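Participant: Fold the following for me, if possible:
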Amino acid sequence: MTTLQTAEAAQTFRAPGTASGRTGPGAATRAARRLAGGSTRLVLLVVALFWLLPTVGLLLSSLRGPLDIQESGWWTVLTKPAQLTLHNYTNLLDDPTITRSFLNSLLITVPATLLVVVIGSLAGYVFAWVEFPGRDWVFLLVVGLLVVPLQVALVPITSLFGKLGIFGSIVSVVLFHVAFGLPFAIFLLRNFFAEIPRELLEAARLDGAGELWLFVRVVVPLGGPAIASLGIFQFLWVWNDMLVALIFADPGSAPLTVALQQQTRQFGTNIDVLSSGAFLSMIIPLVVFFAFQRQFVNGVMAGALK
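Facilitator: From the prediction side, this is the model:
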């Protein structure tokens, strides 16, 4: 067969079921396209609404009177909107114990989050780009601390805080959260900062930039999404914590989670306080999450792409 005949035979060949010789999309591709259609979006929407239902129920329960809460479910509001009232929140904010515990939650969560983010960012940059003897071994030690459960440290740290005279104070709770939040923060940010192009940092060093200038003007802006993601995780963990606060905080320093736990002892009479207090405790993390949602998504996507 000549070369011309071979070319003509190749042009006239057609794969079965096609008109151009190119195979069509496979079964997996066609299935993926169908799954990406409107039916999948509808299913995801239903799942999202299902997960949102307890939040809606808690909100409506917190807006009902104590007798209404005990006698019927929250869905009765849909037919009896007259049950809705702000009386529960008025009583909640008038309670000095709840008000003080809410302020304590802020005094614990905000410093614990800021300290972990700042110290973790600095340490992550050092482990990623600053050469010093034993750097890798120290980083492995930090990574090893991730597997240490906090329950192991409760007794020795309680003894240490007692000797320092800070046991039972807000400072003790903050220090505990910072100590156990730093290993994860350093591990996360070190891996993120290490992906920054070396040429970018070397160019800045050639221009006379010091390490602090590099960290503030180059690394922090580039690592903004990862830092924001870390801040959200740390804030949610500290705000929702109850174990550490139960052990290290006295009644005057207890956060909102501990105050609500104390109310469960009188559940029958304080159900209106519990419902409104629980929603108040939940709405703050939701506000923080949605306020930094874009940075959080960018940080997660950047970590996935790297």
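Participant: Give me the domain ranges for the chain.
Facilitator: 36-85, 92-305 (automatic domain parsing).
Participant: most tightly surrounded among the ones you listed?
Facilitator: Looking across the domains of the chain with neighbours counted as mean count of other Cβ atoms under 10 Å, the highest average goes to domain 92-305: a mean of 17. Bear in mind the C-beta positions are built from the backbone N, C-alpha and C, glycine included.
Participant: Show the average pLDDT along it.
Facilitator: Mean pLDDT, domain 92-305: 85.
Participant: List the residues that contact Trp74.
Facilitator: By Cβ atoms under 8 Å, 6 or more residues apart in numbering, the contact list for Trp74 reads 57-58, 60-61, 64.
Participant: Would you mind pulling up the elements that the helix or strand encompassing Phe290 packs against?
Facilitator: With elements taken from DSSP states H and E, the one containing Phe290 is helix 271-291. Applying 3 or more Cβ pairs under 8 Å, 6 or more residues apart in numbering; DSSP states H and E, one finds that helix 271-291 contacts helix 38-62, helix 66-71, helix 87-94, helix 96-129, helix 224-239, helix 256-263.
Participant: For stretch 53-72, give the distance from the opening residue to the closing one.
Facilitator: One end of stretch 53-72 to the other measures 17 Å (Cα to Cα, to the nearest Å).
Participant: quick check, distance from stretch 140-154 to the centre of its chain.
Facilitator: Averaged C-alpha coordinates place stretch 140-154 at 20 Å from its chain's average position (Cα atoms, centre = their mean, to the nearest Å).
Participant: Check stretch 171-187 too.
Facilitator: Between the centre of stretch 171-187 and the centre of its chain there are 15 Å (Cα atoms, centre = their mean).
Participant: Let me see the contact set for the residue nearest the centre of the chain.
Facilitator: The centroid of the chain falls nearest to Phe233 when counting by Cα atoms, centre = their mean (3.0 Å). By Cβ under 8 Å, 6+ apart, the contact set of Phe233 is Phe184.
Participant: going forward can the numbers begin at 47, since that is how I track them
Facilitator: Happy to do that; since the first residue is 47 now, the last one works out to Phe279.
Participant: re earlier: possible to save the helices and strands packed on helix 317-337 as CSV with distance to Asp182?
Facilitator: CSV is the format used below for the helices and strands packed on helix 317-337 (distance: least, Cβ to Cβ, whole Å):
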stretch, distance to Asp182
helix 84-108, 42
helix 112-117, 57
helix 133-140, 52
helix 142-175, 9
helix 270-285, 21
helix 302-309, 39
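Participant: Let me know which of those is the nearest to Phe239.
Facilitator: helix 142-175 (4.1 Å; Cβ to Cβ).
Participant: What lies in contact with the helix or strand following that closest one?
Facilitator: Note on helix 142-175: by DSSP H and E, the next helix or strand toward the C-terminus is helix 181-190. By Cβ under 8 Å, 6+ apart, the residues outside helix 181-190 that reach it are 169, 173, 228-229, 232-233, 236.
Participant: from these, which is closest to Gly323?
Facilitator: So of these, ranked by how close each gets to Gly323 (Cβ to Cβ), first place is Leu228, at 30.7 Å.
Participant: counting contacts, what elements does the strand or helix carrying that closest one pack onto?
Facilitator: Using DSSP H and E, Leu228 sits within helix 216-239. In this structure, helix 216-239 packs against helix 142-175, helix 181-190, helix 196-210, helix 270-285, helix 289-294, with contacts taken as 3+ Cβ pairs under 8 Å, 6+ apart.
Participant: Setting the sequence-adjacent residues aside, check what's closest to His223.
Facilitator: Nearest non-adjacent residue to His223, counting by Cβ to Cβ, 6 or more residues apart in numbering: Ala158, 4.0 Å away.
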